[in-house]
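Colleague: just need the structure, nothing else, for what follows:
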Amino acid sequence: MCLLELFVEWDLQRIVCLATNHRDANHPLRTRTGLLSPCAIEYAAQAMALHGALIGQDAGTAASPGYLASARGVRLHLLRLD
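Modeller: Numbering: from 1, shown residues only. Next comes the predicted model:
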């Protein structure tokens, strides 16, 4: 499942991606009440993985697999993303 639609730009410190599928009625993470805001963590994790792969490619090495084990201190100010 790839939620990111467009890679815009990146450097060693940041990446900018675009996704507009948060309003899609067939979104794979949507519940019957909508796309809940914790799903933003998955969008961020996918952007982080892409960033790591781009950094590795730029350095001529393969990106090593990574896992998001926890997300601490997250403050969500909206119930839903849609």
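
Colleague: from Arg80, how far off is Leu54?
Modeller: Leu54 is 30 Å from Arg80, where distance means Cβ to Cβ, to the nearest Å. Using the backbone N, CA and C atoms, a C-beta is placed for each residue, glycine as well.

Colleague: swap that for Ser70, please
Modeller: 23 Å.

Colleague: got the confidence number for Ala71?
Modeller: The model reports Ala71 with a pLDDT of 92.

Colleague: quick one: contacts for it?
Modeller: By Cβ atoms under 8 Å, 6 or more residues apart in numbering, the residues touching Ala71 are Ile41.

Colleague: regarding it, what is its secondary structure?
Modeller: Secondary structure for Ala71, judged by DSSP: H, G, I helix; E, B strand; the rest coil, is coil.

Colleague: and for Met48?
Modeller: Classification of Met48 by three-state DSSP places it in helix.

Colleague: tell me, how many residues neighbour it?
Modeller: Per other Cβ atoms under 10 Å, the neighbour tally for Met48 reads 13.

Colleague: so which bits of the least confident helix or strand in the chain by mean pLDDT are buried?
Modeller: Taking mean pLDDT, DSSP states H and E as the measure, the helix or strand of the chain with the lowest value is helix 40-59, at a mean of 94. Using 16 or more other Cβ atoms under 10 Å as the test for burial, helix 40-59 gives Ala40, Tyr43, Gln46, Ala47, Ala49, Leu50, His51, Leu54.
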